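1. Next come a sequence and a model predicted from it.
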Amino acid sequence: MTDYLQRAENVLNKINELASISEDPACITRTFGTTAFQQGSRIIQNWMQDIGLETRVDSIGNVRGRLISPQANARTFVIASHMDTVVNAGKFDGPMGVIMGIDLIEQLILTGKPLPFHLELIAFSDEEGVRFHTTYLGSKVVAGSFDEALLNKKDESGITLKEAIQTIGGNSAQLLSDSIAVANWLGYFEIHIEQGPVLYERNVPVAVVTDIVGQKRIEITFSGMAGHAGTVPMTMRQDALCAAAEFILVVEQLAVSEPDLVATVGKLNVVNSASNVIPGEVSCSLDVRSNKASTLAVACQTLHDTCAEIGRKRAIGTNWKLIQETASVACDPVISDLLAEAISDCGYEVIRLVSGAGHDGVPISQVSPVSMLFVRCFKGISHNPLENTELADMAATLQVADTFMNLLIEKQLIM
């Protein structure tokens with residue numbers, strides 16, 4: 001009988017080993033193309049090779065391991081997650097899904113069962129989008145939807161994405177050839193921590209994801225007039241920070257009033273800030289998400305109009321720039337029902353959740369049916385060093401994933 005706790009310990013050991021690799025010795029940070037990123041990539045590739053996968057690193061830096069089916073004309077089922085992190089990250093977001101994928105495929109290899117489909121395990125290179133302020137670089141390449149205009153995008157040091165790709169040994173001219181052809185896709189499966197509190201509060205280890213929310217990321221600049229903090233009367237000021245502050249509170253109020261909406265201003269930059277200077281220019285980020293397209297569209301238009309009105313009222317210039325836009329994604333009902341069957345077969349309550357976070361399944365959904373399994377995490381905390389998943393929940397996840405893959409193989413053999 002499989003010892004799922006032992007397997008979970010092995011997975012956790014690898015998670016800890018990968019977490020020790022960071023750009024910053026004081027915390028976990030591995031952003032696209034850095035030395036720490038490349039070191040982590042090599043370790044993941046070695047782990048894939050250790051279980052017998054044919055491996056390669058593609059031109060965007062995705063680490064890819066492949067198990068070939070003996071069947072002629074077999075299609076490809078992809079198991080994947082991402083290996084990059086945010087700044088000052090937790091250790092489970094992304095890497096857990098990759099490392100559990102290694103364990104899952106290793107068990108399939110040990111059983112000796114003939115596969116009715118090819119299996120490809122992918123550690124995506126850039127899901128978080130920290131360095132170049134874009135997301136899904138790795139999965140967009142695999143999906144064949146990479147936008148070549150992004151190659152000119154620069155990081156804070158002025159290095160372009162094209163230059164970063166060259167640094168890690170990639171060739172930007174080959175990005176399109178690294179995709180999996182639409183006709184070859186069978187499906188996509190990702191294991192990921194929930195990043196929310198539902199499973200923690202309900203004391204259930206796993207859940208089926210039904211949808212991934214749509215989101216818009218916007219950069220807003222408020223342009224007023226800098227001035228002396230002691231000499232300009234309050235009624236004559238064009239304070240850009242006050243305009244930004246008023247707008248930020250409106251963002252919060254709107255999101256609180258709409259149950260299917262979340263909105264966040266997570267970044268604020270006061271240009272040439274000083275304690276005795278009236279802020280003349282302020283920029284902020286805006287992140288708006290909903291699984292309902294109409295709700296997202298209406299909210300963004302409302303906030304756009306409100307921003308402009310605040311600017312007019314305060315004699316402040318406003319610039320609204322859409323940085324990123326992704327539509328909501330419905331996970332495949334057939335594969336998701338197999339996941340639910342696996343959860344039930346393992347004796348756990350079947351819970352279906354909407355993901356409020358974005359995932360690599362978003363671009364992949366354009367070419368393949370997608371599915372996701374959420375795993376309980378401590379108090380729903382993520383993008384934070386406190387991020388944690390208990391060993392027992394990891395063991396339960398491996399049991400469910402084993403059962404799911406066996407069901408998938410059986411269904412394919414019947415077909």
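-> Yep, it's here.
2. Can you name the residues in contact with the helix or strand where residue 256 lies?
-> Per DSSP states H and E: residue 256 is located in helix 240-257. Contact with helix 240-257 is made by 220, 222-224, 261-265, 268, 270, 279-282, 284, 286, 288, 299, 302-303, 306-307, 310-311, 314, 316, 318, as judged by C-beta atoms under 8 Å, 6 or more residues apart in numbering. C-beta: built from backbone N, CA, C; applies to glycine.
3. got it, and stretch 142-151?
-> In this structure, residues lying in contact with stretch 142-151 by C-beta under 8 Å, 6+ apart are 58, 60, 62, 78, 122, 124, 132, 134, 137, 140, 160-162, 165, 172, 175-176, 178-182, 363-364, 366-368.
4. In ChimeraX, select just the buried ones from these.
-> A single ChimeraX command is used to select the members of the contacts of stretch 142-151 judged buried by 16 or more other C-beta atoms under 10 Å:
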select :58,60,62,78,122,124,132,134,137,140,160,161,162,165,172,175,178,179,180,363,364,367,368
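5. Other residues contacting stretch 47-58?
-> 14, 41, 45, 63-68, 99, 102, 105-106, 109, 121, 141-142, 169-170, 178.
6. Repeat that for stretch 392-407.
-> Contacts to stretch 392-407, defined as C-beta under 8 Å, 6+ apart, come from residues 2, 4-5, 7-8, 11-12, 96, 100, 103-104, 107-108, 189, 191, 205-206, 338-339, 341-343, 345-346, 348, 373, 375-376.
7. Which members of those are classed as buried?
-> For the contacts of stretch 392-407, a burial check counting by 16+ other C-beta under 10 Å picks out 4, 7-8, 11-12, 96, 100, 103-104, 107-108, 189, 191, 205-206, 338-339, 342-343, 346, 348, 373, 375-376.
8. remind me, longest helix of this structure?
-> Identified as the longest helix of the chain according to DSSP state H is helix 391-414.
9. sorry, back to before: what are the buried residues along the very next helix or strand once past the helix holding residue 256?
-> On the C-terminal side of helix 240-257, the nearest following helix or strand under DSSP H and E is strand 262-264. Within strand 262-264, the residues scored as buried using 16+ other C-beta under 10 Å are 262, 263.
10. Tell me the strands beside strand 262-264, with direction?
-> strand 281-290 (antiparallel) (DSSP bridges).
11. Give me the mean pLDDT for the partner strand.
-> The predicted model gives strand 281-290 an average pLDDT of 96.
12. what's the angle from it to helix 240-257?
-> Orientation of strand 281-290 against helix 240-257 (axes from the mean of the first three to the mean of the last three C-alpha atoms, to 10 degrees) gives an angle of 10 degrees.
13. Do a quick rundown of the helices in the stretch 201-350 of the chain.
-> Assigned by DSSP state H, counting those that start in this stretch, the helices in the stretch 201-350 of the chain fall at 240-257, 293-314, 333-345.
14. Moving C-terminal from the helix or strand containing residue 142, which element do we reach first?
-> Element membership for residue 142 (DSSP H and E) is helix 137-143. Using DSSP H and E, the helix or strand that follows helix 137-143 towards the C-terminus is helix 161-167.
15. Could you identify the helix or strand that succeeds that following helix?
-> From helix 161-167, the next helix or strand downstream (DSSP H and E) is strand 185-193.
16. Sheet-wise, list the partners of that following strand with their directions.
-> When DSSP bridges is applied, strand 185-193 pairs with strand 76-82 (parallel), strand 370-375 (parallel).
17. Save those strands as JSON lines, and put in mean pLDDT and distance to residue 399 too.
-> JSON lines is the format used below for these (pLDDT from 0 to 100; distance: least, C-beta to C-beta, whole Å):
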{"stretch": "strand 76-82", "mean pLDDT": "98", "distance to residue 399": "16"}
{"stretch": "strand 370-375", "mean pLDDT": "98", "distance to residue 399": "11"}
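18. could you dump these to a markdown table with distance to residue 250?
-> Output for those, formatted as a markdown table (distance: least, C-beta to C-beta, whole Å):
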| stretch | distance to residue 250 |
| --- | --- |
| strand 76-82 | 33 |
| strand 370-375 | 32 |
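19. And the residue of the chain positioned farthest from its centre, how close does it get to residue 385?
-> No residue in the chain sits farther from the centre than residue 231, which is 48.0 Å out by C-alpha atoms, centre = their mean. To residue 385, residue 231 is 45 Å away according to C-beta to C-beta, to the nearest Å.
20. Now the helix holding residue 142: buried residues?
-> For helix 137-143, the buried set under the neighbour-count rule, 16+ other C-beta under 10 Å, comprises 137, 138, 139, 140, 141, 142, 143.
21. With stretch 303-316 instead?
-> 303, 304, 306, 307, 310, 311, 314, 316.
22. quick one: the residue nearest the centre of the chain from residue 264, how far?
-> Nearest to the geometric centre of the chain sits residue 359, at 3.8 Å (C-alpha atoms, centre = their mean). Distance of residue 359 to residue 264, computed by C-beta to C-beta: 17 Å.
23. Name the nearest of the buried residues of helix 137-143 relative to residue 201.
-> Top of the list for closeness to residue 201, among the buried residues of helix 137-143 and by C-beta to C-beta, is residue 139 at 30.2 Å.
24. Which residue, neighbours along the chain excluded, lies closest to the closest one?
-> Nearest residue to residue 139, sequence neighbours excluded (C-beta to C-beta, 6 or more residues apart in numbering): residue 360, at 3.7 Å.
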